[in-house]
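>>> What follows is a protein structure lacking sequence information:
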């Protein structure tokens, strides 16, 4: 008998090698070019019989719609589950939920409050598990961002990306990407909101080209791309303090002017104009935010295809 194939979870960029990530990104470009009809060579076998379960512990616009449409465009179907739809909301364990869902569906995507939930789900599932967002990381977003960068700017290797604002889950996934794809990442964050030490230590072990500073001007100077995110994420209660700390980190026209000629601006949305980004930057010619949002669809088609056996 042929050896059983290992389960292809998509949990974090630091857990997947560069060659595999490059292949997924190339597939995302090809799928976008193909439009709604994904070529058979890019789709997993028997995809028409496969079902993706999508679990949402947090509200969602882009993740919910893009994953649903992505699975349909590669030929499968979906089922959407909120906490109130599951016995998880009444105390059933993640372990038991993983084992039961694995008997029904072919893959599970979860948008989780806690990263530990994702990890436990993957430990006990016998089908691929995809990280749709946790409090620690957001790898699907970064794959869409990398696709957008390559479309608008060019090859990633040797380029410079500036992150301005909170050193949050999206920033950590950017750190993982810098190590895997060979670009420089400069993070400008208040001292209190720097990425967690574990992420910094990992980046150093991987010899990633990462610089950390409290000075947005220093981070943005000559960068090919400037990225930011909302100052207050869902579930955070220290809104007043966070806004105080992050006020000097607004990405406005003056800050963007310090970036390289042809630099782009990205934000994973939702955006709060006048806080983390000015209206002029978000709606200006350097903004790639809506291309970036669209690319969630194409990147996730490629991720789903890989998880389900394509390539």
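Great, that's in hand. Since the model is a prediction, treat every value here as computed from it, not as a measurement.

>>> from memory residue 305 sits against residue 43, does it?
Yes: using Cβ atoms under 8 Å as the test, residue 305 is close enough to residue 43 to be in contact (6.1 Å). Where C-beta positions appear, they are placed from N, C-alpha and C, glycine not excepted.

>>> Are there residues contacting both of these two? Which ones?
Shared between the contact lists of residue 305 and residue 43 (criterion: Cβ atoms under 8 Å, 6 or more residues apart in numbering) are residues residue 74.

>>> who has more neighbours, those two?
residue 305 (25 against 22; other Cβ atoms under 10 Å).

>>> quick one: which helix or strand includes that one?
Following DSSP states H and E, one finds residue 305 within helix 289-307.

>>> Residue 132 now?
When the helices and strands are read off by DSSP H and E, the one containing residue 132 is strand 129-133.

>>> Kindly report the same for residue 223.
Using DSSP H and E, residue 223 sits in no helix or strand.

>>> Over to the residue nearest to it when sequence neighbours are not counted. Which of the three states is it?
Counting by Cβ to Cβ, 6 or more residues apart in numbering, residue 162 is the residue found nearest to residue 223 once chain neighbours are left out, at 3.9 Å. The local conformation at residue 162, judged by DSSP: H, G, I helix; E, B strand; the rest coil, is strand.

>>> let's have the chain start at 42 instead
Sure thing, new numbering starts at 42, so read that last one as residue 203.

>>> Next, count neighbours for residue 203.
Using other Cβ under 10 Å, residue 203 is surrounded by 30 other residues.

>>> Grab the nearest non-local neighbour of the residue most central in space within the chain.
The C-alpha lying nearest the average C-alpha coordinate of the chain belongs to residue 182 (Cα atoms, centre = their mean; 2.2 Å). Of all residues beyond its chain neighbours, the one nearest residue 182 is residue 309 (5.0 Å), with distances taken as Cβ to Cβ, 6+ apart.

>>> residues touching the one you found, list them.
Taking Cβ under 8 Å, 6+ apart as the criterion, residue 309 is in contact with 103, 179, 182, 186, 211, 270, 333.

>>> pLDDT weak spots in the stretch 192-341 of the chain?
In the prediction, the stretch 192-341 of the chain carries residues with pLDDT under 70 at positions 275-277.

>>> For the closest residue in space to residue 56 that isn't next to it in sequence, grab phi and psi.
For residue 56, ignoring the flanking residues on the chain, the nearest one in space by Cβ to Cβ, 6+ apart is residue 50 at 7.8 Å. Phi and psi for residue 50, reported as degrees, to the nearest 10, are phi -80, psi 150.

>>> Contacts for stretch 331-344, please.
For stretch 331-344, the external contacting residues (Cβ under 8 Å, 6+ apart) are 51, 65-66, 68-70, 72-73, 79, 83, 103-104, 107-108, 110-111, 114-115, 171, 181-182, 184-186, 188-189, 192-193, 307-310.

>>> What subset of those residues is buried?
Among the contacts of stretch 331-344, those buried by neighbour count (16 or more other Cβ atoms under 10 Å) are 51, 65-66, 68-70, 72-73, 79, 83, 103-104, 107-108, 110-111, 114-115, 171, 181-182, 184-186, 188-189, 193, 307-310.

>>> what's the pLDDT at the closest residue to residue 177 other than its chain neighbours?
What sits nearest to residue 177 in space, not counting adjacent residues and going by Cβ to Cβ, 6+ apart, is residue 156, at 3.8 Å. Here the pLDDT value assigned to residue 156 is 97.

>>> for the stretch 92-241 of the chain, what spans make up the helices?
Taking DSSP state H, counting those that start in this stretch to define them, one finds helices in the stretch 92-241 of the chain at 103-114, 135-145, 156-165, 180-193, 210-222, 238-246.

>>> Dump the ones you listed into a markdown table; add distance to residue 302 as well.
Written out in a markdown table, the entries for these read as follows (distance: least, Cβ to Cβ, whole Å):
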| stretch | distance to residue 302 |
| --- | --- |
| helix 103-114 | 30 |
| helix 135-145 | 49 |
| helix 156-165 | 38 |
| helix 180-193 | 13 |
| helix 210-222 | 22 |
| helix 238-246 | 28 |
